[in-house]
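*Asks:* output the structure for:
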Amino acid sequence: MKETPRQLSVAARLALVLLLLLLVPSCGYTLVGRGAFLPEYIQTVAIPTFVNRTSTFEVEIRLTDAVTTEFIGRGNFRVIGEVQNADAVLRGEITSFNSRPVQLDVQDQARQYQITITASVTFTDLVQNKVLFTNNSFLFRGDYLLQEAPGAFFDISNIAIDQIAQEFARSVVSSILEGF
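*Replies:* Below is the predicted model of the structure:
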């Protein structure tokens, strides 16, 4: 079947449009590095230890450490624990921490747990004295696969916290830096 000049013209235009779309720069959205959401003058961020409103021992320390590490890794920020001399402050309060079994083995012992953390997170620009990000019910869910023998004596929550703290931190920091 022979193509008409009109069909060739439409195909040529379509090819040209596709080529131009490939050459146009992207929108600039990125999840790597420093997000464009924060003002440039924010160089020093205070991250005081999160408040723990749960009965889970030291969850606030592990989550604060993970968030601090993630914040440092995502931009050119200096992170400090004290609010004095900071350009911004990130405050967090862990309001719930729950773990529940979601997968059992053949002996009906839990092999995988779902960890749910609810926190209140606020990021405040101290230079302009305004809140840049707040979420009073920041919800994070992550799965933890039990590596130890199911009958071993240990606290699953403490082992799981270390594993999911980094995932929680990535979620929090991405929300702040990318303005979600």
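*Asks:* just the buried positions in the helix of greatest length in the chain, please.
*Replies:* If you go by DSSP state H, the chain has its longest helix at helix 156-177. For helix 156-177, a neighbour-count test (16 or more other Cβ atoms under 10 Å) marks 156-157, 160-161, 164-173, 175-177 as buried. Using the backbone N, CA and C atoms, a C-beta is placed for each residue, glycine as well.
*Asks:* quick one: average confidence on that helix?
*Replies:* Helix 156-177 carries an average pLDDT of 82.
*Asks:* list the buried residues in stretch 63-73.
*Replies:* For stretch 63-73, burial by neighbour count (16+ other Cβ under 10 Å) applies to Leu63, Thr64, Asp65, Ala66, Val67, Thr68, Glu70, Phe71.
*Asks:* centre of the chain to the helix or strand harbouring the first one, how far?
*Replies:* Read that as Leu63. Under the criterion of DSSP states H and E, Leu63 resides in helix 59-73. Remark: helix 59-73 is offset 11 Å from the chain centroid, using Cα atoms, centre = their mean, to the nearest Å.
*Asks:* now that helix: mean pLDDT?
*Replies:* 93.
*Asks:* quick check: the closest residue to Phe50 other than its chain neighbours vs Ala66, distance?
*Replies:* Excluding the flanking residues, the one nearest Phe50 by Cβ to Cβ, 6 or more residues apart in numbering is Gly92, at 3.8 Å. Going from Gly92 to Ala66 by Cβ to Cβ, to the nearest Å gives 11 Å.
*Asks:* now do the helix holding Leu63 and helix 156-177, the angle between them.
*Replies:* Counting by axes from the mean of the first three to the mean of the last three Cα atoms, to 10 degrees, helix 59-73 lies at 40 degrees to helix 156-177.
*Asks:* show me what helix 59-73 is packed against.
*Replies:* Here helix 59-73 touches strand 51-52, strand 78-80, strand 88-104, strand 110-125, helix 156-177, going by 3 or more Cβ pairs under 8 Å, 6 or more residues apart in numbering; DSSP states H and E.
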